[in-house]
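[1] Turn this into a structure:
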Amino acid sequence: MPLLCTSRSYKDKGRWHYSDVLTQPSEYSLPENIFNHAREVLWFDMISEFDARILNSYLDNTLTPISNDFIDCKSKWLLDEDNHFLGFRLINETFGATPHEISAVYARQGDFSQVDHLLLDEFSAALVLAYDEIVTTRGYIDDLPLYDQFSPQVGRFVRLVIADEAQHYSKFLNFIRRRYPYRIPEVPNRVLEIRRADGQRPYRATFVLDHIEDVFSTELLDRCAHILIRTLQRPIRRKIAELDAVAP
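    Presented below is the predicted three-dimensional model:
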């Protein structure tokens, strides 16, 4: 697949670009006492961010109908995820990933057989993505002490990634509220179904529900699921309260 975000096109859209942050890779280092663990974390970060391309193609091929609103939301999400992938690719190359290993990443294919029942339309896809982004945000935050050991630049890069992931969560929430307010009552059952499917093993290059690392504890996943449900239900609760206030 071709690269999706050049430095020029990315800056034209007012976004940050990994090459402006990761400017001194020769100075990055991995502490010897956590070398293998750090390499595993960084490698998984890279491939999971790459897999946004695979998910995007899957959704384009399976969702019918698909609105321009969702396409626009998804396109901006993909541009950010590709920028994250390219940054993590640079970090992995700095820490010894070979050209052969990197080439193999571009040949990855997804198996959606374990999650296809959760991606039936753009409403359900947006809900899965909102859940996935809030969980990923929390995972990156909890791993910040690890990233900070590599270099201040790597720590800054991951903080920018966190800001993007949190924004993705917000944008998919707003998409659901804007286009599918009448389907909000479905949210609790659907989110709990998503939560039960999370942490698929082995991970099958689906981008979503890839939370198999130790940082993604049962408590973290449960908390994120309940935050998503509570946040999407808030407008309904507020409306009920308003109606109760004016009821005779």
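[2] Quick check: pLDDT value at A166.
    pLDDT for A166: 97.
[3] scratch that, F172
    So F172 comes in at 97 (pLDDT).
[4] can you count the residues close to the residue nearest to it when sequence neighbours are not counted?
    Spatial nearest neighbour of F172, chain neighbours left out: A130 (4.0 Å); criterion: C-beta to C-beta, 6 or more residues apart in numbering. Heads up, the C-betas are built off the backbone N, CA and C, glycines and all. Using other C-beta atoms under 10 Å, A130 has 26 other residues around it.
[5] do the same with I212
    Counted with other C-beta under 10 Å, the neighbours of I212 add up to 14.
[6] is it true that the residue nearest to F172 touches L173?
    Yes. The criterion here is C-beta atoms under 8 Å, and A130 meets it with L173 at 5.4 Å.
[7] what is in contact with the two at once?
    L228 (C-beta atoms under 8 Å, 6 or more residues apart in numbering).
[8] Let me know the pLDDT of the most centrally placed residue in the chain.
    Compute the mean C-alpha point of the chain, and by C-alpha atoms, centre = their mean the closest residue is E133, 4.2 Å away. The model reports E133 with a pLDDT of 97.
[9] And L22, by the same measure?
    Per the predicted model, pLDDT is 98 at L22.
[10] Kindly report the same for R190.
    Looking at R190, its pLDDT is 97.
[11] shaky segments in this structure?
    Across the chain, the ranges flagged by pLDDT under 70 are 1-14, 235-248.
[12] Now do the same contact list for the residue nearest to F172.
    A130 neighbours (C-beta under 8 Å, 6+ apart): Y169, F172, L173, I176, L228.
[13] helix, strand or coil for the residue nearest to the centre of the chain?
    Look at E133: counting by DSSP: H, G, I helix; E, B strand; the rest coil, its state is helix.
[14] Quick check: the gap between it and V161.
    11 Å (C-beta to C-beta, to the nearest Å).
[15] circling back: and the contacts of A130, which two are furthest apart?
    The two members of the contacts of A130 with the most space between them (C-beta to C-beta) are Y169 and I176, at 11.2 Å.
[16] show me what contacts R195?
    By C-beta under 8 Å, 6+ apart, the contact set of R195 is Y131, L221, D222, A225.
[17] Can you turn the buried part of the contacts of A130 into a PyMOL selection?
    In PyMOL syntax, the buried subset of these is picked out as below (16 or more other C-beta atoms under 10 Å):
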select buried, resi 169+172+173+176+228
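[18] Is it possible to get JSON lines of the contacts of A130 that adds secondary structure?
    Below are the contacts of A130 laid out as JSON lines (three-state DSSP):
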{"residue": "Y169", "secondary structure": "helix"}
{"residue": "F172", "secondary structure": "helix"}
{"residue": "L173", "secondary structure": "helix"}
{"residue": "I176", "secondary structure": "helix"}
{"residue": "L228", "secondary structure": "helix"}
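[19] Helix or strand: which one has the spatially closest residue to A197 that is not a sequence neighbour?
    Distances taken as C-beta to C-beta, 6+ apart put L209 closest to A197, at 5.6 Å, once the chain neighbours are dropped. Assigned by DSSP states H and E, L209 belongs to no helix or strand.
[20] ok, L209 - contacts?
    Counting by C-beta under 8 Å, 6+ apart, L209 has contacts V115, L118, V128, D132, I194, A197, D198, G199, Q200.
[21] So what does D121 look like in phi/psi?
    Backbone torsions for D121, taken as degrees, to the nearest 10, come to phi -160, psi 180.
[22] quick one on the thing from earlier: which one of the contacts of R195 is nearest to I141?
    The nearest member of these to I141, counting by C-beta to C-beta, is L221 at 14.4 Å.
[23] Looks like that closest one contacts I212 (just checking).
    No. L221 lies out of contact with I212 (C-beta under 8 Å); the separation is 11.0 Å.
[24] which residues are common contacts for the two?
    G199.
[25] hey, where'd the strands end up in the protein?
    Shown for the chain, no strands are assigned by DSSP state E.
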